[in-house]
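Enquirer: Coordinates only, no sequence provided:
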């Protein structure tokens with residue numbers, strides 16, 4: 001939730017699963033919800049979301065994008081992650097995220 005708060009301070013339209021009361025819901029549910037909301041899913045769970053990405057591709061099912069936060073950006077570095085999200089948003093502003101999986105860089 002802290003990362004989302006800082007990112008909003010940078011002008012990004014973000015919300016966390018914790019803020020929505022969605023913590024603990026399945027990864028599939030989270031990705032489908034983000035897709036319905038026309039949002040890119042930002043996650044640290046690359047392994048499971050890479051599998052979901054493949055599953056969606058095999059079914060030709062669209063999603064709003066998956067952005068994986070790598071372990072090189074530790075969770076407690078809230079500001080660094082929020083700044084990396086801002087840079088990503090700026091450099092990919094014209095990129096439709098449908099069907100995209102990518103990695104956030106520090």
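Expert: Thanks, I have the structure now. All of these numbers come straight from a predicted model, not from anything done at the bench. Numbering: from 1, shown residues only.
Enquirer: Hmm, residue 23 is touching residue 30, no?
Expert: No - using CB atoms under 8 Å, residue 23 makes no contact with residue 30, being 9.5 Å away. C-beta coordinates here come from the backbone N, C-alpha and C atoms, glycine included.
Enquirer: More neighbours: the two, which one.
Expert: residue 30 (20 against 11; other CB atoms under 10 Å).
Enquirer: The more buried one - that's part of a helix, no?
Expert: Yes - using DSSP: H, G, I helix; E, B strand; the rest coil, the assignment for residue 30 is a helix.
Enquirer: Name all residues that make contact with it.
Expert: 17, 22, 41, 43 (CB atoms under 8 Å, 6 or more residues apart in numbering).
Enquirer: Wait, the third one touches residue 28, no?
Expert: No - with contacts defined as CB under 8 Å, residue 41 does not count as touching residue 28, sitting 10.9 Å away.
Enquirer: which of the two has more neighbours?
Expert: When residue 41 and residue 28 are compared on other CB under 10 Å, the one with more neighbours turns out to be residue 41, at 25 against 14.
Enquirer: quick one, what contacts that one?
Expert: By CB under 8 Å, 6+ apart, the residues touching residue 41 are 30-31, 34, 49, 63-67.
Enquirer: rerun at 10 Å
Expert: Applying CB atoms under 10 Å, 6 or more residues apart in numbering, we find residue 41 in contact with 17, 27, 30-35, 49, 52-53, 63-68, 97, 101.
Enquirer: List buried residues within these.
Expert: 17, 30-35, 49, 52-53, 63-68, 97, 101 (16 or more other CB atoms under 10 Å).
Enquirer: What strand or helix carries the residue nearest the centre of the chain?
Expert: With the centre of the chain defined as its mean C-alpha position, the nearest residue by CA atoms, centre = their mean is residue 42, 1.3 Å away. Assignment of secondary structure by DSSP states H and E places residue 42 within strand 41-43.
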